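>>> could you work out the structure for the sequence below:
(one chain, ligands or ions: 1)
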Amino acid sequence: MELFLVDQMLMRLGRWLRLVGMDVANPEDDDDPELIIRARQENRILVTRDKRLAEDCRTAGVECILIRSTSILGQLDEMAEAGVNMELNPQRCTICNGPLRGAVREKVREAGDQSEQEGTWECQVCGKLYWMGSHWKRIEETLKQIRREKD
Ligand SMILES: [Zn+2]
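Predicted coordinates for the structure are as follows:
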């Protein structure tokens, strides 16, 4: 699995990357040197829209993806171009990046899930529950669109 670190302008993209199974750290603050140090220490690819930061990464020998688009779809396209597989693959909490594990069905039902779908997960860090509700279908549609554009 690829490890990423997104800058604060790309937090939304970061949440999408977690939906396709990537490990995406949240930036703690917007201090560029700190981002580069952290990316190096944790072996993460830095994802940024900041050209200067991308240049600093190159100088520092830290792998970096420079995103040009301002729209989430365009950004996902660029990540697909960079080799990220845009298949729904829930392994990481979209909020805190904690690992997900299969959740107990009753717990998910209590949280309001009325569907009979099997896929249910719980974040091992913050406890957020996930299930394949109707919003997942929209997410899958968007990812399908990105995959089509890539072909
Ligand atoms: Zn979480």
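>>> for residue 47, see how far away the closest residue to residue 30 other than its chain neighbours is.
Spatial nearest neighbour of residue 30, excluding adjacent residues (Cβ to Cβ, 6 or more residues apart in numbering): residue 8 at 5.0 Å. No exception for glycine: its C-beta is placed from N, CA and C like everyone else's. Using Cβ to Cβ, to the nearest Å, residue 8 is found at 11 Å from residue 47.
>>> just give the nearest non-adjacent residue to the residue most central in space within the chain, would you?
Against the mean C-alpha coordinate of the chain, by Cα atoms, centre = their mean, the closest residue is residue 17 at 2.4 Å. Spatial nearest neighbour of residue 17, excluding adjacent residues (Cβ to Cβ, 6+ apart): residue 24 at 4.9 Å.
>>> over to residue 129?
residue 111 (4.8 Å).
>>> how many neighbouring residues does that neighbour have?
Residue neighbour count, defined by other Cβ atoms under 10 Å, stands at 14 for residue 111.
>>> for residue 60, same thing?
Around residue 60 sit 14 other residues, with neighbours defined as other Cβ under 10 Å.
>>> residue 40 touches residue 64, doesn't it?
No - Residue 40 lies out of contact with residue 64 (Cβ atoms under 8 Å); the separation is 11.0 Å.
>>> so for those two, which residue has more residues nearby?
residue 64 (20 against 16).
>>> what residues does the chain have near the ion?
Proximity of the chain to the ion, by Cβ under 5 Å from the ion, involves residues 93, 95-96, 98, 123, 125-126, 128.
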